[in-house]
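**Student:** The sequence isn't on hand, but the structure is:
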């Protein structure tokens with residue numbers, strides 16, 4: 001008989017959790033609701049052979065598996081969020097059994113309350129800012145490719161040209177960083193909370209240009225139109241930069257990093273009440289929200 005674990009996607013109030021009967025999650029398995037003391041968790045039974053700590057570590061190195069799992073995770077979180085305020089858990093948060101999930105809900109109730117108060121009626125929006133040009137080319141290559149640049153007459157001239165190139169590149173980076181910082185300050189002024197994630201590596205994300213800002217913003221739904229308008233205004237004034245807006249999302253960046261009541265953290269032996277592990281906050285999923293696989297946000 002295949003050993004199973006309880007994979008938890010999100011926590012919500014039990015009165016709000018009315019999921020579609022045909023909702024499917026990890027591996028196409030059905031999603032059940034586990035309720036306890038006014039709270040509910042969206043749960044799927046998953047094979048221990050895939051989600052015990054050792055096999056999970058191996059799976060997390062498989063980008064296809066990771067993307068497929070992250071998309072299924074987000075699909076269920078979105079379904080929970082459509083019924084009410086949802087607190088997404090980390091990707092790959094699993095418990096030994098249903099009783100472990102119930103104990104998590106009961107023991108975390110006092111800490112879930114403030115989170116619901118903060119997140120009710122609010123969504124997460126993501127803003128990324130990129131330089132229009134791609135990552136800087138190696139200095140030797142850029143010098144060789146420039147027909148206007150004369151061949152240095154001496155080693156001293158060569159070193160002087162290299163120094164000038166470095167200064168120019170540093171100045172360009174500094175200008176982009178300054179403009180991204182000002183944009184973040186303006187966006188944060190309209191948001192209830194904001195969080196800066198690590199810039200994404202273009203070699204992994206596939207996006208062109210250098211990512212100079214990767215921000216998440218918790219925005220009241222009544223301010224969503226104003227927030228989108230501000231992003232458009234900033235994009236119109238951002239010559240040399242590209243601004244991308246995504247959302248609205250369930251508040252991935254403002255749950256798991258704020259309270260270990262629903263962070264899914266803690267690898268190692270379980271006693272039923274503790275999760276076996278969690279790969280990190282789902283500050284996005286593979287694909288549209290690709291940064292989540294890094295345990296960002």
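**Tutor:** Looks like it arrived, so ask away. Bear in mind that the values here come from a model prediction, so they are computed numbers and not experimental data.

**Student:** Let's verify residue 10: helix, strand, or coil?
**Tutor:** strand (DSSP: H, G, I helix; E, B strand; the rest coil).

**Student:** What is the burial count for it?
**Tutor:** Other residues near residue 10 come to 27 when the count uses other C-beta atoms under 10 Å. Every residue, glycine included, has its C-beta placed from N, CA and C.

**Student:** Isn't it up against residue 250?
**Tutor:** Yes - using C-beta atoms under 8 Å, residue 10 makes contact with residue 250 at a distance of 7.2 Å.

**Student:** what separates the nearest residue in space to residue 220 that is not next to it in sequence from residue 253, distance-wise?
**Tutor:** If the residues on either side of it in the chain are set aside, residue 220 comes closest to residue 122, at 5.3 Å by C-beta to C-beta, 6 or more residues apart in numbering. Relative to residue 253, residue 122 is positioned 12 Å away (criterion: C-beta to C-beta, to the nearest Å).

**Student:** just to revisit the earlier point, surely the residue nearest to residue 220 meets residue 217?
**Tutor:** No - the pair residue 122 / residue 217 is not scored as a contact, 9.8 Å apart, by C-beta under 8 Å.

**Student:** For whichever helix or strand residue 46 is part of, name the packing helices and strands.
**Tutor:** In this assignment (DSSP states H and E), residue 46 forms part of strand 39-47. Applying 3 or more C-beta pairs under 8 Å, 6 or more residues apart in numbering; DSSP states H and E, we find strand 39-47 packed against strand 4-13, strand 32-36, helix 63-81, helix 98-107.

**Student:** Neighbouring strands - and their directions - for the second one?
**Tutor:** Strand pairing for strand 32-36, using DSSP bridges, gives strand 39-47 (antiparallel).

**Student:** neighbours of residue 31, just the number please.
**Tutor:** Using other C-beta under 10 Å, residue 31 has 23 neighbouring residues.

**Student:** tell me the contacts of it?
**Tutor:** 9, 19, 23-25, 42-44, 76, 79 (C-beta atoms under 8 Å, 6 or more residues apart in numbering).

**Student:** that older thread, who has more neighbours out of residue 122 and residue 217?
**Tutor:** The residue with more neighbours, out of residue 122 and residue 217, is residue 217; 26 against 22, by other C-beta under 10 Å.

**Student:** Distance of the closest residue in space to the more buried one that isn't next to it in sequence relative to residue 128?
**Tutor:** Leaving out its chain neighbours, the residue that sits closest to residue 217 by C-beta to C-beta, 6+ apart is residue 191, at 4.0 Å. Distance check for residue 191 against residue 128: by C-beta to C-beta, it reads 15 Å.

**Student:** next one: residue 212
**Tutor:** Counting by C-beta to C-beta, the gap from residue 212 to residue 128 is 9 Å.

**Student:** mind showing which ranges of the stretch 51-200 of the chain have poor pLDDT?
**Tutor:** Along the stretch 51-200 of the chain, segments meeting pLDDT under 70 span 133-153, 155, 164-165, 167-172.

**Student:** Could you report the distance from the residue nearest to residue 11 when sequence neighbours are not counted to residue 13?
**Tutor:** Among residues not flanking residue 11 along the chain, residue 87 sits closest, at 4.5 Å (C-beta to C-beta, 6+ apart). Distance, residue 87 to residue 13, by C-beta to C-beta: 10 Å.

**Student:** and for those two, which residues touch both?
**Tutor:** Contacts common to residue 87 and residue 13, judged by C-beta under 8 Å, 6+ apart, are residue 116.

**Student:** what's the domain layout of the protein?
**Tutor:** Here the domain parsing of the chain from automatic domain parsing is 4-120+251-294, 123-247.

**Student:** How far off centre is the first one?
**Tutor:** For domain 4-120+251-294, the separation from the chain centroid amounts to 14 Å (computed by C-alpha atoms, centre = their mean, to the nearest Å).

**Student:** Equivalent analysis for stretch 173-187, please.
**Tutor:** Remark: stretch 173-187 is offset 21 Å from the chain centroid, using C-alpha atoms, centre = their mean.

**Student:** Give me the contacts around it.
**Tutor:** Taking C-beta under 8 Å, 6+ apart as the rule, stretch 173-187 contacts 127, 129, 131, 194, 196, 210, 212-213, 215, 217, 227, 230-231, 234, 238, 240-241, 243.
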